[in-house]
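Asker: Could you look at this predicted model? Sequence included:
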Amino acid sequence: MNARLIKETRALLPMFACTLPLIVVPQLIWPSEGVGYFALGVACVVMAGSSFGTEFQHRTISLLLSQPIPRSALWREKMLVLGAGLVMSLAVLVACLAVSRPAMDGQDWLVLALIPLCAFCGAPFWTLSLRHGIVGMVSAVAVPCGILAAYGLVMEELVGSEPAPAALVTAVVSLLFIYCAVVYWLGYAKFKRLEAVDAPSRELGLPAGLEAVLVAPLTKVSSRFRGPFATLLKKEFRVQQISFLLAGVFVLIAVGGFCLAKRHPEVATGILGGDIFIYALILPLIAGAVSVAEERGWGIAEWHLTLPPSALKQWSAKMLVALATSLVLGLLLPTAVFFVADPVFNQPGPRTSLPPAFAILSWVLGQMLMTSVAVYAASFSRTTLQAILAALVILIAGGGAIWLAICSAHHAALAPVQWMGQPRIDEWLILPLLSGALAFVLWLFQWFAWSNFRRFGLPPLRLIVQLSMTLVAVWLIAWFFFSALIFLNGGF
């Protein structure tokens, strides 16, 4: 095999291995919920953005472009390997769908074809244009969705009602094919005239102009706080700039949804719902991953441990900023948007009381747990993207362990659906048990992440033992928890 094809395959293989469980496990656990399509989209966008994004992350783009090989040959080889990876991901999902849902109509096949096609054509162009892997992935998702939303609004304004389903499908498919053709050609043209600039940069960060506008006022305020620990906190807040940028984008999209609420309530509901769901899922992972993986990617993590502040003090500053950012931006901000949106889209009704204290505590612990999983994944990853993917895999594996615990506790996979919603279970006992379980798993991930933070070159056996202990602990806790629920509900 061509040596360059082997190199591209090795670069793409970790992404394919990490995204494969995202397709298989959710589809096997929830076969009728449509999560397979979402997982396929995530897998395709991640692989397509990584094809060129890894070159920028590792600053090897100049070595790639300086080879005495035509740019067209380099582009063809990269796209060939990328296309093979996307086709394999699609084949895996089709096989899972064939097992869980044999009957598939034409629209299902059309969606399955358009998802990898849009990623294959769009992600390389946006990654090359923005010179950033993760931002290119986000743009590869946002632009097609924006095109479809704009088309829906224009058609509703011109026609006054929804067009016929056949005409709508034809128009949507035509728009997406035109988009794919244009961005593929632009990506190829961009690659042929690309000039590499070898300048070390963060994997995630704000544009220089935007950073100057937003960071300058905060710099003046933070200059009043001095001392080693305050300096560590300010450094960690600068690392978390991408989290604040993501929060700003979330608020802008939410404001756009509010503006459409009166004339286009269905479109506005879809925009706000998708905005809150994606943001609430991504932000805790990014906040946890950048806190550790960024410095490891820069190659300065070992140097930081030689500073006068102890490793424990540096770790405390990291966790304080990462967890606080995740709670404020990832939990309180979406909750505030949800409470503001509820009276806008629903009929005003009587005000409800606040949830029980242990329910609020469970939400807080769950948010901190997601962030801690990302922190743990970052403790053995070299880039932020690898940490986010590893965290998603760990979360999927934890979900599978909980599902197995439910099945083993009730001796049937579908039985929990019959007793989970019954009102006989006492909340005063369930919520404290749930809070305690979340707190223990949170402590376990934090302990493993802290132990990895002080070491470099972790052996694979150590990681395997840690992950095995974590999954076994999750299974045991879930088994005892759901067994207690069944007992309280009269199932035994």
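Answerer: Done, it's in.
Asker: quick one: Ile271 and Phe258 touch, right?
Answerer: No: using CB atoms under 8 Å as the test, Ile271 is too far from Phe258 to be in contact (9.4 Å). (C-beta placed from N, C-alpha, C; glycine too.)
Asker: now the helices for the stretch 301-450 of the chain?
Answerer: 301-304, 311-327, 333-345, 357-378, 384-410, 416-419, 427-453 (DSSP state H, counting those that start in this stretch).
Asker: Could you identify which of these has the lowest mean pLDDT?
Answerer: With a mean of 42, helix 416-419 has the lowest mean pLDDT of the helices of the stretch 301-450 of the chain.
Asker: C-terminal to the helix or strand hosting Leu112, which secondary structure element comes first?
Answerer: Secondary structure from DSSP states H and E places Leu112 in helix 106-130. Using DSSP H and E, the helix or strand that follows helix 106-130 in sequence is helix 133-159.
Asker: List the buried residues of that next one.
Answerer: Residues of helix 133-159 classed as buried: 133-141, 143-144, 147, 149, 152, 155-156 (neighbour count, 16 or more other CB atoms under 10 Å).
Asker: helix or strand right after that helix?
Answerer: Remark: after helix 133-159, the chain's next helix or strand is helix 165-192, criterion DSSP H and E.
Asker: So which other helices or strands are in contact with that following helix?
Answerer: Helix 165-192 sits against helix 71-100, helix 106-130, helix 133-159, with contacts defined as 3 or more CB pairs under 8 Å, 6 or more residues apart in numbering; DSSP states H and E.
Asker: repeat that for 6 Å
Answerer: Counting contacts by 3 or more CB pairs under 6 Å, 6 or more residues apart in numbering; DSSP states H and E, helix 165-192 packs against helix 71-100, helix 106-130.
Asker: Put together JSON lines for those, with distance to Ile178, mean pLDDT and mean neighbour count on each row.
Answerer: As requested, the helices and strands packed on helix 165-192 are exported to JSON lines (distance: least, CB to CB, whole Å; pLDDT from 0 to 100; neighbours: other CB atoms under 10 Å):
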{"stretch": "helix 71-100", "distance to Ile178": "19", "mean pLDDT": "87", "mean neighbour count": "17"}
{"stretch": "helix 106-130", "distance to Ile178": "11", "mean pLDDT": "86", "mean neighbour count": "20"}
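Asker: Looking at Ile271 and Phe258, which is more packed in?
Answerer: Comparing Ile271 with Phe258 by neighbour count (other CB atoms under 10 Å), the higher total belongs to Ile271, at 21 against 17.
Asker: Next, work out how far apart the closest residue to that one other than its chain neighbours and Val337 are.
Answerer: Closest residue to Ile271 apart from its sequence neighbours, by CB to CB, 6 or more residues apart in numbering: Gly257 at 4.0 Å. Using CB to CB, to the nearest Å, Gly257 is found at 9 Å from Val337.
Asker: now Leu90
Answerer: Taking CB to CB, one finds Leu90 at 35 Å from Val337.
Asker: that older thread, so which of Gly257 and Val337 has more stuff around it?
Answerer: Under the neighbour definition other CB under 10 Å, Gly257 and Val337 were set side by side, and Gly257 has more, 25 against 21.
Asker: Now do the same contact list for that one.
Answerer: By CB atoms under 6 Å, 6 or more residues apart in numbering, the contact list for Gly257 reads Ala268, Ile271, Leu272.
Asker: what packs against the lengthiest helix in the chain?
Answerer: Longest among the helix segments of the chain by residue count, using DSSP state H, is helix 265-298. Judged by 3+ CB pairs under 6 Å, 6+ apart, the packing partners of helix 265-298 are helix 241-259, helix 311-327, helix 333-345, helix 357-378, helix 384-410.
Asker: For Val45, which of these is the nearest?
Answerer: Distance to Val45, taken as CB to CB, is lowest for helix 384-410 among the helices and strands packed on helix 265-298, at 11.3 Å.
Asker: and that closest one, what other elements does it pack with?
Answerer: Looks like helix 384-410 contacts helix 3-29, helix 265-298, helix 357-378, helix 460-488 (3+ CB pairs under 6 Å, 6+ apart).
Asker: go with 10 Å
Answerer: Here helix 384-410 touches helix 3-29, helix 35-57, helix 133-159, helix 265-298, helix 357-378, helix 416-419, helix 427-453, helix 460-488, going by 3 or more CB pairs under 10 Å, 6 or more residues apart in numbering; DSSP states H and E.
Asker: Take the ones you listed and lay them out in TSV including distance to Phe191.
Answerer: As requested, the helices and strands packed on helix 384-410 are exported to TSV (distance: least, CB to CB, whole Å):
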stretch	distance to Phe191
helix 3-29	14
helix 35-57	8
helix 133-159	13
helix 265-298	24
helix 357-378	30
helix 416-419	50
helix 427-453	37
helix 460-488	36
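Asker: Which single one of the buried residues of helix 133-159 is nearest to Glu295?
Answerer: Of all these, Glu295 sits closest to Ile134, with 16.7 Å by CB to CB.
Asker: Please list all residues in contact with the closest one.
Answerer: By CB atoms under 10 Å, 6 or more residues apart in numbering, the contact set of Ile134 is 46, 49-50, 53, 57, 127, 203-204, 242, 286, 383-385, 388.
Asker: now it: how far from Ser50?
Answerer: From Ile134 to Ser50 the distance is 10 Å (CB to CB).
Asker: For the two, list the residues in contact with both.
Answerer: Here Ile134 and Ser50 have Gln57, Thr127, Thr383, Leu385 as joint contacts, going by CB under 10 Å, 6+ apart.
Asker: So which of those wins on neighbours?
Answerer: That'd be Thr127 among those, by other CB under 10 Å, with 28 neighbours.
Asker: That one: what's its closest spatial neighbour, skipping adjacent residues?
Answerer: Thr127 sits nearest to Gly136 (CB to CB, 6+ apart), 3.1 Å away.
Asker: ok so, going back, adding distance to Leu175, write the contacts of Ile134 out as TSV.
Answerer: Formatted as TSV, the contacts of Ile134 follow (distance: CB to CB, whole Å):
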residue	distance to Leu175
Val46	24
Gly49	22
Ser50	26
Gly53	26
Gln57	32
Thr127	22
Glu203	33
Leu204	31
Ile242	31
Ile286	30
Thr383	34
Thr384	32
Leu385	29
Ile388	30
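Asker: tell me which of those is nearest to Leu82?
Answerer: Distance to Leu82, by CB to CB, is smallest for Ser50 among those, at 8.8 Å.
Asker: Quick check: pLDDT value at the residue nearest to Met137 when sequence neighbours are not counted.
Answerer: Nearest residue to Met137 in three dimensions, chain neighbours excluded: Gly49, at 3.7 Å (CB to CB, 6+ apart). What the model reports for Gly49 is a pLDDT of 86.
Asker: Spatially central residue in this structure, please.
Answerer: Nearest to the geometric centre of the chain sits Ile282, at 4.1 Å (CA atoms, centre = their mean).
Asker: what sits against it?
Answerer: Neighbours of Ile282 in contact, by CB under 10 Å, 6+ apart: Val138, Ser243, Leu246, Phe250, Gly330, Ile388.
Asker: now swap in Ile477 and tell me
Answerer: Ala401, Ile402, Ala405, Leu433, Leu434, Gly436, Ala437, Leu438, Phe440, Val441, Leu444.
Asker: Would you confirm that the first one contacts Trp479?
Answerer: Think Ala401. Yes: Ala401 lies in contact with Trp479 (CB atoms under 10 Å); the separation is 9.4 Å.
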